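Undergrad: Provided below are the primary sequence and the corresponding predicted coordinates.
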Amino acid sequence: MTEWGDEVLARLRAAAHRGFGDAELLRGRPLAPVLQYAGDVLVAALAQGRDVRSLALACLDGLNGRGLPGDAELADELAAALGVREPTGLAPLPVDLGAVAAAMEDGVQVLDPERGDVLPADEAEGLPAPPGVLPEGEDARRGAARAWLAGQGFRPVPRSL
């Protein structure tokens with residue numbers, strides 16, 4: 001099994017951020033360290049009609065088994081994309097989960113619920129990002145941001161220019 005080198009991990013981040021269903025990045029690599037990114041890429045791949053069912057089911061199993069913040073929310077989205085569960089009903093919001101996680105860490109920013117921008121609290125109105133200590137690791141931080149967004153009634157979708 002091939003591990004996650006810096007270059008491939010950067011390509012996976014980009015694919016998740018842009019909504020590319022580049023599931024080939026996932027084949028032959030362990031999903032456990034990148035479940036949040038993998039789930040987003042697989043949701044996009046399924047929406048694009050790609051044959052990734054076995055990878056998506058493996059990711060779904062990993063998310064359900066791990067149980068970190070945001071894993072259940074992403075598992076619901078992935079299961080809906082697979083057609084094994086009804087859609088969550090959460091409103092789509094084009095947002096950068098990394099930016100939301102950073103805002104949660106410092107707790108002095110707000111999220112614009114219409115555009116998905118993270119802005120300084122003294123410059124804009126919006127949903128105040130809750131301050132707090134986030135879990136260790138990039139994947140877990142994405143999950144925490146996803147869980148908070150779901151609690152606000154939103155699911156992250158890729159941002160476009």
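TA: Received it, and whenever you're ready, just let me know what you need.
Undergrad: for the chain, what spans make up the helices?
TA: With DSSP state H applied, the chain shows helices at 6-18, 35-47, 53-66, 71-82, 97-106, 138-151, listed in chain order.
Undergrad: I'd like to know which of those is closest to residue 125.
TA: Between residue 125 and the helices of the chain, the shortest gap by CB to CB is with helix 97-106, which sits at 14.5 Å. Yep, even glycine has a C-beta here, placed from its N, CA and C like the rest.
Undergrad: now for that closest one, which elements pack on it?
TA: Using 3 or more CB pairs under 8 Å, 6 or more residues apart in numbering; DSSP states H and E as the contact criterion, the secondary-structure elements in contact with helix 97-106 are strand 109-111, strand 118-120, helix 138-151.
Undergrad: and with 10 Å instead?
TA: Of the remaining helices and strands, those touching helix 97-106 by 3 or more CB pairs under 10 Å, 6 or more residues apart in numbering; DSSP states H and E are helix 6-18, helix 35-47, strand 109-111, strand 118-120, strand 127-128, helix 138-151, strand 154-157.
Undergrad: may I see the buried residues of the second one?
TA: Right, helix 35-47. Going by neighbour count (16 or more other CB atoms under 10 Å), the buried part of helix 35-47 is 35, 36, 37, 38, 39, 40, 41, 42, 43, 44, 45, 46.
Undergrad: single out the most deeply packed of the helices of the chain.
TA: For the helices of the chain, the stretch with the most neighbours on average is helix 35-47, a mean of 25; neighbours defined as mean count of other CB atoms under 10 Å.
Undergrad: which secondary structure elements does it sit against?
TA: Contacting helix 35-47 under the criterion 3+ CB pairs under 10 Å, 6+ apart are the following elements: helix 6-18, helix 53-66, helix 71-82, helix 97-106, helix 138-151, strand 154-157.
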